[in-house]
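# let me see the structure of the following:
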Amino acid sequence: MTIQINEEQLQNTISPREIEVLQLISMGYSNKEIANELFISKLTVETHRRNMVKKMGFRNAYQLVVWAFKERVFA
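This is a model prediction of the structure:
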């Protein structure tokens, strides 16, 4: 399963790596599974998740995923 990205919706607020992490979060992957998939550490995944939530002004990753689908970040 792949998710297409709507680049116009991101407006340079989220890095390409954060987009990859967000895609996997939205597909239900755990931090450990994301780390294995992207060949990075679990701590790095947690950092990307925390940074995205902070950048967008949300309280948690759930709000981030809801925003991504609402704003059609994933086409």
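# centre-most residue in the protein?
Leu22 (1.5 Å; Cα atoms, centre = their mean).
# so which helix or strand takes in it?
According to DSSP states H and E, Leu22 maps onto helix 16-26.
# for that helix, give the mean pLDDT please.
What helix 16-26 shows for mean pLDDT is 93.
# who's in contact with Val53?
Arg59, Asn60, Ala61, Gln63, Leu64 (Cβ atoms under 8 Å, 6 or more residues apart in numbering). Any C-beta I mention is one placed from the backbone N, CA and C, and that applies to glycine too.
# tally of neighbours for the fourth one?
Read it as Gln63. Per other Cβ atoms under 10 Å, the neighbour tally for Gln63 reads 13.
# so for the helix or strand harbouring it, mean pLDDT?
Gln63 is part of helix 61-70 when elements are defined by DSSP H and E. Average pLDDT, helix 61-70: 90.
# contacting residues around it?
Leu22, Ile25, Ser26, Arg49, Met52, Val53, Met56, Phe58, Val73, Phe74.
# using CSV, write out every CA atom in it.
Provided in CSV are the C-alpha atoms of helix 61-70 (Å, rounded to 0.1, in the frame of the first residue of the first chain):
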residue,chain,number,x,y,z
ALA,A,61,0.4,12.6,16.5
TYR,A,62,-3.3,11.7,16.2
GLN,A,63,-4.1,15.4,15.5
LEU,A,64,-1.3,15.4,13.0
VAL,A,65,-2.7,12.5,11.1
VAL,A,66,-6.2,13.9,11.1
TRP,A,67,-4.9,17.2,9.8
ALA,A,68,-3.0,15.4,7.0
PHE,A,69,-6.1,13.6,5.8
LYS,A,70,-8.3,16.7,6.3
